[in-house]
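K.L.:
structural data only, the sequence is not supplied:
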DNA sequence: ACCCAGGTGGCCC
DNA sequence: GGGCCACATGGG
């Protein structure tokens, strides 16, 4: 199976995911930072708290004190460092783009990525999530699930973010909606089926995989 | 009582 | 360049 076929298979199996969950660009940005190494369930609680406090917009969050943000996003874990990261992002956008997210996200993709990566606390996956789901420019988001899954089934044999991103972008048609869905489907597969520690459930990808239970690849 | 979660940056070599 | 570590809450 090539990547396109894997995408079709996952789409049929899980159905459309319609990511990113979140109503506004700003909510997507905040979610991208809060979900670093954190389950979405915990992130949702933090986001609900921010909504309740009317802090889920650029201006309010920019004005909010560190203590207040820390308290509000606590359920998402790593709350002190994540507060700094949210502040770093906002300070950058307010200083350089007058707090205007549209202006920032309208930059050419390569420049936008470079500037996002210059913000302390925004790494490659976070930057690319913002570019794909908030700025809506075609870039393939890679994460730990992507490496776990595609190494196991033998499509790749490395663990390098850029190498994997380029590989997917070259193998697939450049299509924003498909990139969005494919990454979301990979997360579903990783969360529900292709689990850590050589252990997994019945896989919709009927591919030889050294960790698959026998029903998948009975020689 | 573990292990895991949609990473990142700092530090060391 | 790579390997280890802290960061923290909540669910299975």
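P.N.:
On my side now, so go ahead. On a predicted model such as this, the values are computed, not experimentally measured, just so you know.
K.L.:
spit out the contact partners of the residue lying closest to residue A:76 once chain neighbours are set aside.
P.N.:
Closest residue to residue A:76 apart from its sequence neighbours, by C-beta to C-beta, 6 or more residues apart in numbering: residue A:46 at 3.8 Å. Bear in mind the C-beta positions are built from the backbone N, C-alpha and C, glycine included. Counting by C-beta atoms under 8 Å, 6 or more residues apart in numbering, residue A:46 touches A:34, A:72-76, A:79.
K.L.:
buried only: go through these for me.
P.N.:
Applying 16 or more other C-beta atoms under 10 Å to the contacts of residue A:46, the neighbour count classes A:34, A:72-76, A:79 as buried.
K.L.:
redo the contacts of residue A:46 as JSON lines? Include secondary structure.
P.N.:
Shown next, in JSON lines, are the contacts of residue A:46 (DSSP: H, G, I helix; E, B strand; the rest coil):
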{"residue": "A:34", "secondary structure": "helix"}
{"residue": "A:72", "secondary structure": "helix"}
{"residue": "A:73", "secondary structure": "helix"}
{"residue": "A:74", "secondary structure": "helix"}
{"residue": "A:75", "secondary structure": "helix"}
{"residue": "A:76", "secondary structure": "helix"}
{"residue": "A:79", "secondary structure": "helix"}
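K.L.:
dump the residues you listed to JSON lines, plus distance to DNA strand B.
P.N.:
Formatted as JSON lines, the contacts of residue A:46 follow (distance: C-beta to the nearest atom of the strand, whole Å):
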{"residue": "A:34", "distance to DNA strand B": "10"}
{"residue": "A:72", "distance to DNA strand B": "18"}
{"residue": "A:73", "distance to DNA strand B": "14"}
{"residue": "A:74", "distance to DNA strand B": "13"}
{"residue": "A:75", "distance to DNA strand B": "10"}
{"residue": "A:76", "distance to DNA strand B": "9"}
{"residue": "A:79", "distance to DNA strand B": "11"}
